[in-house]
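*Asks:* Need a 3D model of the following:
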Amino acid sequence: MSRGLVIRCLMVYLGESTDQLLKEYDDPDEDNVSQDLVAARMTIYRAKNNATEDIGIVVQGIKVLTALGTFPRACSLLIGLA
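*Replies:* Residues are numbered from 1 along each chain as shown. Reported below is the predicted structural model:
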């Protein structure tokens, strides 16, 4: 079992809404993603194209960390930012 799965299951078990904390975009249009993330207070995003994947953190509509590599790393860094 992967760390990412355990973290997601823990969120569900604790009754937290993963829709507000996690945003996933497959083949994203950069403008739509930027507009969506501007409205976010605190979010972990994952934008995946054919060749690249970017996992990062948005706080108050601003990308504060990018290219984090893994979802568990993004979660641990988000705890430090909170």
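*Asks:* quick one: stretch 51-65 to chain centroid distance?
*Replies:* 7 Å (Cα atoms, centre = their mean, to the nearest Å).
*Asks:* For burial, what's the neighbour tally of the closest residue to Thr18 other than its chain neighbours?
*Replies:* Residue nearest to Thr18 in three dimensions, not counting chain neighbours: Met11, with 5.2 Å by Cβ to Cβ, 6 or more residues apart in numbering. Where you see a C-beta, it was placed from the backbone N, CA and C, and this is true even at glycine. When neighbours are defined as other Cβ atoms under 10 Å, Met11 has 15 of them.
*Asks:* List the contacts of the one helix or strand Met11 maps to.
*Replies:* When elements are assigned from DSSP states H and E, Met11 belongs to helix 3-13. By Cβ atoms under 8 Å, 6 or more residues apart in numbering, the surrounding residues in contact with helix 3-13 are 18, 21-22, 70-72, 75.
*Asks:* What are the buried residues along it?
*Replies:* Going by neighbour count (16 or more other Cβ atoms under 10 Å), the buried part of helix 3-13 is 7-8.
*Asks:* tell me the mean pLDDT over it?
*Replies:* Regarding helix 3-13, the rounded mean pLDDT is 83.
*Asks:* and the very next helix or strand once past it, what other elements does it pack with?
*Replies:* Of the helices and strands lying after helix 3-13 in sequence (DSSP H and E), the nearest is helix 18-21. Using 3 or more Cβ pairs under 8 Å, 6 or more residues apart in numbering; DSSP states H and E as the contact test, the elements touching helix 18-21 are helix 3-13, strand 42-48.
*Asks:* Swap in 7 Å and give it another go.
*Replies:* Helices and strands touching helix 18-21, by 3 or more Cβ pairs under 7 Å, 6 or more residues apart in numbering; DSSP states H and E, are helix 3-13.
*Asks:* from the chain's centre, how far out does the helix it packs on sit?
*Replies:* Using Cα atoms, centre = their mean, the distance from the centre of helix 3-13 to the centre of the chain it belongs to is 14 Å.
*Asks:* could you dump it to CSV, C-alpha only?
*Replies:* C-alpha atoms of helix 3-13 as CSV (Å, rounded to 0.1, in the frame of the first residue of the first chain):
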residue,chain,number,x,y,z
ARG,A,3,1.7,6.4,1.4
GLY,A,4,-0.5,8.5,-0.9
LEU,A,5,-3.3,6.0,-0.6
VAL,A,6,-3.0,5.8,3.2
ILE,A,7,-3.1,9.7,3.4
ARG,A,8,-6.2,9.8,1.2
CYS,A,9,-7.9,7.1,3.2
LEU,A,10,-7.1,8.9,6.4
MET,A,11,-8.7,12.1,5.1
VAL,A,12,-11.9,10.1,4.2
TYR,A,13,-11.9,8.3,7.6
